[in-house]
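> just coords:
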């Protein structure tokens, strides 16, 4: 299940994807527009910056912006950066595989089999959807406030 961290991170990165080229936005505006607690959002944006998806600028006119075009950032990469592996259980993970303590023959486990299919289905959607695609789906009420002065 996607936690609030992942949900808020996706909302924030979509907010940033809607900015004009070269524009930055303060954390407080993203938080207010998207109903996200600012302190929590600070940590989320730092994680996304550390993952190379965002850049930040300090001082007057500073804030956050995407570090690369939204069409190149996969939703799956955002989720993994904030939540970790997509698999619902560790033995179905491709990046953080860990065998279950109670499993004798992992290749015969019916739970692992179905959870691997779940993981693959999730990955198929989020790894084939970009932040730009997600931004196109977002209702206009979540658009950044364009009436402010830069």
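In hand now; what should we look at? From a predicted model like this one, the values you see are computed outputs, not experimental measurements.
> any idea how many residues pack against residue 102?
7 (other C-beta atoms under 10 Å). Where you see a C-beta, it was placed from the backbone N, CA and C, and this is true even at glycine.
> that one in helix, strand or coil?
coil (DSSP: H, G, I helix; E, B strand; the rest coil).
> need the per-residue pLDDT for it.
Note on residue 102: pLDDT of 79.
> likewise residue 140?
The per-residue pLDDT of residue 140 was computed as 53.
> leaving out sequence neighbours, find the closest residue to residue 67.
With sequence-adjacent residues excluded and distances taken as C-beta to C-beta, 6 or more residues apart in numbering, residue 67 is closest to residue 55, at 4.4 Å.
> do residue 26 as well
Closest to residue 26 by C-beta to C-beta, 6+ apart is residue 63, at 4.5 Å.
> and for that neighbour, the neighbour number?
Neighbour tally, residue 63, other C-beta under 10 Å: 20.
> my guess is it contacts residue 27, does it?
Yes: shown here, residue 63 and residue 27 form a contact pair, counting by C-beta atoms under 8 Å, at 7.2 Å.
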